[in-house]
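>>> Model the following, please.
(one chain, ligands or ions: 2)
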Amino acid sequence: MATDFSETTATEAVVQSFSGTRDERLRQILTSLTVHLHDFVRDIEPTQREWEQSIEFLTEVGHMCDNVRQEFILLSDVLGVSMLVDAINNRKPVGATESTVLGPFHMVDSPESELGANIALTGDATCVVRGTVRSVDSSAVPGAVVDVWQADEAGYYDVQQPDLIPDRNLRGLFTADGEGQFWFRTVIPKFYPIPADGPVGRLLSASGRHPYRPAHIHFIGGAEGYSPVTTHLFIESSPYLDDDTVFGVKKSLVRPVLQVDDPELAERYGVPNPFDLIEFDIVLDAIAESAEVGA
Ligand code: BEZ
Ligand code: FE
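Ligands and ions are numbered 1, 2, ... in the order given. Predicted structure coming up:
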């Protein structure tokens, strides 16, 4: 049967073509995609050449993907879609640690580490990061697991420079003590650019945007009976807190680097005195509480 396809009948014709989709959720998604995509095309009225360029761009994004580089995730990140999906899926009770993007550098397992370990395999660890994993009701969560990864003082992750940086540098998997406390020694990371040598980098420069993320340390905190949280702590003095290229900053996650002059404490942590201290508690919501939020 002819559909007599035109600017006015196009959307209904395509929506109708998906009406037999047996999976209800898939049908809902395909219908919404069709409606929004057609609206977008009507809005911008692309020339044939512009549409070809769009297809070429997406093709290039695909060609840039392999097992260490995921250009589609970067595209989703710089369009704010990763953070929007994260926000929709992490509606937490007030007081719980807010989530932010996982990012592409959690691609290897962090090594199990003792509390207090130095996760900097090169350079001097002069910074102590410490915190308590607790529940929204303030009770400590003993034995919580805290996964940590970060860039180094020059802004590089181990996986970005495998010939220069030792494997698993600045990564650690900690188990909090009986009071939910965790602490480790590290270096203060530098802000860094997301990989900008591909089509997403070109999109950023064509739109006058920089590729930088403010200095941060990644965490995943979790414990049985609680929803895990994927988050970062952001260094208060870092540039780009106001214009993170992937929109990952939340004010509640920004922390100062405290300068501590306390020889006894320095000795206890195994760092030279004076030292830098960052405090970052991880507040988890119990699974039942999350269910209530979604109810
Ligand atoms: C990261 O923080 O590791 C990251 C997040 C999104 C894109 C690139 C890097
Ligand atoms: Fe990062």
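>>> out of everything not next to it in sequence, what's closest to the closest residue to ligand 1 within the stretch 101-250 of the chain?
Relative to ligand 1, the nearest point of the stretch 101-250 of the chain is Gly103 (2.7 Å; C-beta to the nearest ligand atom). In short, each C-beta sits where N, CA and C put it, glycine included. Distances taken as C-beta to C-beta, 6 or more residues apart in numbering put His218 closest to Gly103, at 6.7 Å, once the chain neighbours are dropped.
>>> Count the residues that sit near that neighbour.
24 (other C-beta atoms under 10 Å).
>>> Surely it is in contact with His106?
Yes: look at His218 against His106 with C-beta atoms under 8 Å: they come within range, at 6.8 Å.
>>> shared neighbours of those two, anything?
Shared contacts of His218 and His106, defined by C-beta atoms under 8 Å, 6 or more residues apart in numbering, comprise Trp149.
>>> doesn't Gly198 make contact with Val61?
Yes: taking contacts as C-beta under 8 Å, Val61 lies within contact range of Gly198: 7.4 Å.
>>> list residues touching both of these two?
Glu71.
>>> Which of the three states applies to Ile33?
Not Ile; residue 33 is Leu. When classified by DSSP: H, G, I helix; E, B strand; the rest coil, Leu33 comes out as helix.
>>> Any stretches of the protein with poor pLDDT?
For the chain, applying pLDDT under 70 flags the ranges 1-3, 289-295.
>>> Could you chop it up by domain?
Following automatic domain parsing, the chain resolves into domains at 10-78, 94-294.
>>> tell me the most buried of the ones you listed?
domain 94-294 (a mean of 18; mean count of other C-beta atoms under 10 Å).
>>> what about it, distance to the chain center?
Remark: domain 94-294 is offset 11 Å from the chain centroid, using C-alpha atoms, centre = their mean, to the nearest Å.
>>> do stretch 91-111 as well
The answer for stretch 91-111 is 6 Å, by C-alpha atoms, centre = their mean.
>>> What is the end-to-end distance of that stretch?
30 Å (C-alpha to C-alpha, to the nearest Å).
>>> does Ile217 count as helix, strand or coil?
Put simply, Ile217 is strand when judged by three-state DSSP.
>>> Now do the same contact list for it.
Taking C-beta under 8 Å, 6+ apart, we find Ile217 in contact with Val129, Val148, Trp149, Gln150, Thr186, Pro189, His232, Leu233, Ile278, Phe280.
>>> And the spatially most central residue of the chain, its phi and psi?
Nearest residue to the geometric centre of the chain (C-alpha atoms, centre = their mean): Val101, 1.9 Å. The phi/psi pair for Val101 (degrees, to the nearest 10) reads phi -60, psi 150.
>>> Run through the strands of this protein in chain order.
Assigned by DSSP state E, the chain shows strands spanning 127-135, 145-150, 171-175, 181-186, 192-193, 212-213, 216-222, 229-235, 254-255, 258-260, 275-279, 282-284.
>>> near ligand 1, which residues of this structure show up?
Leu74, Asp77, Val101, Gly103, Pro104, Phe105, Ile194, Arg213, Val246 (C-beta under 6 Å from any ligand atom).
>>> thought the second one was touching Leu102?
No: no contact is recorded between Asp77 and Leu102 when judged using C-beta under 8 Å, the distance being 10.1 Å.
>>> end-to-end on stretch 16-34?
End-to-end for stretch 16-34, by C-alpha to C-alpha: 10 Å.
>>> what do you get for stretch 200-214?
First-to-last residue span, stretch 200-214, C-alpha to C-alpha: 18 Å.
>>> Adjust the sequence numbering to begin at 56 for everything that follows.
That works, and once the first residue is 56, the last one we named lands at stretch 255-269.
>>> And the contacts of it?
Under the criterion C-beta under 8 Å, 6+ apart, residues 112, 116, 126, 129-130, 133, 246-251, 289-290, 293-296, 298-301, 303-304 lie in contact with stretch 255-269.
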